[in-house]
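Participant: got a predicted structure here, sequence first:
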Amino acid sequence: MSADIDTADIDTADIDTADVDAAGTAASAATDVDAAGTAASTATDDPAAPTAAGTARGGSLFERVLVVTGDDGAGRAAVEAGLDVAAAHGATVDALYVVDTTEHWDVVVERRERTGEALVEDAAARGEAAGVDVEKRFRYGTAHEEVLDFAAARDADLIVVGSARRTGLDRLVHPETLPTRVQRGAAAPVMVVGADD
C-alpha cells in the first residue's frame, strides 16, 4: 500500500540529507533483540551504537542478566530464556527469588523461603550445565519493588521475568501484574516469558 505525497508541501530546510538513505528513510541506530538475545543491527553512522559485535560498554550486548525465578511454568521458562541469553553473550545471571512478606504469617514466609531456595538452586544447576555463571539471590519484600531495586543496584543489562497467570481474586487485589510493574519502572530492557515460550 502506498500513499501519494505532494512534495510541494514538504519543507526540506530542516532535513539533513546525510541522514536519509536512497529509499528516503532516515538512517538510525536501531537494534532488534530476539528471544535468544541475538542483536541484529541496522546501518548507522554512530560508532557508539549497539551492534551484533557488542556495545561500547564492554564488548557484549548483555553482561549481567537478572532472572526473576518463579514456581510456575512461566518462571521456569524465564530461567531457561535468561540462561540462553547469558550463554549467547557470556553474561552472568543473577537468579533472584523474592519472598513476598506482604502476608506476615510465618508459616507462609517459611514455605516461600523453601520454595525460593529450591528454585535458585535449580537455576544455578541449570546454569552450570549450560556453562553460565549463576549467582543465587534472595530478597524480602514486595516483588516488583525488590526486582527494580536489585536491578538498579546490580546494573542489570536485561531483566527476564515470567508472565503472570492470575486468578479472579488476585486480579482484584493486584490489578497490575509483576511483569507490568517491572516494565514500567525498569531502566533496563525487560523480557517477559510465557510458560509456552
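Facilitator: Thanks, I have the structure now.

Participant: what helix or strand is residue 113 located in?
Facilitator: Using DSSP states H and E, residue 113 sits in helix 106-130.

Participant: and that helix, which residues are buried?
Facilitator: By neighbour count on 16 or more other C-beta atoms under 10 Å, the buried set for helix 106-130 is 112, 116, 119-120, 123-124, 126-127. Every C-beta, even on glycine, is put in place using the N, C-alpha and C of the backbone.

Participant: and the contacts of it?
Facilitator: 67, 69-71, 75, 79-80, 83, 86-87, 93, 95-101, 103, 133-134, 136-138 (C-beta atoms under 8 Å, 6 or more residues apart in numbering).

Participant: if we can go back for a sec, out of the buried residues of helix 106-130, which one has the lowest pLDDT?
Facilitator: pLDDT across these is lowest for residue 112, at 90.

Participant: is it true that residue 64 touches residue 157?
Facilitator: Yes - under the criterion of C-beta atoms under 8 Å, residue 64 lies in contact with residue 157, with a separation of 5.4 Å.

Participant: what is the neighbour count of residue 149?
Facilitator: 14 (other C-beta atoms under 10 Å).

Participant: distance of it from residue 158?
Facilitator: 17 Å (C-beta to C-beta, to the nearest Å).

Participant: likewise residue 173?
Facilitator: With C-beta to C-beta as the criterion, residue 173 and residue 158 are 29 Å apart.

Participant: so for the two, which residue has more residues nearby?
Facilitator: Using other C-beta under 10 Å as the criterion, residue 173 and residue 158 rank with residue 158 on top: 26 against 10.

Participant: one step back: next secondary structure after the helix holding residue 113?
Facilitator: strand 134-141.

Participant: next structured bit after that following strand?
Facilitator: helix 143-153.

Participant: so that following helix versus strand 134-141, what angle?
Facilitator: 130 degrees (axes from the mean of the first three to the mean of the last three C-alpha atoms, to 10 degrees).

Participant: residue contacts, residue 142?
Facilitator: Going by C-beta under 8 Å, 6+ apart, the list of residues near residue 142 reads 98, 100-102.

Participant: and it, how far is that from residue 101?
Facilitator: 8 Å.
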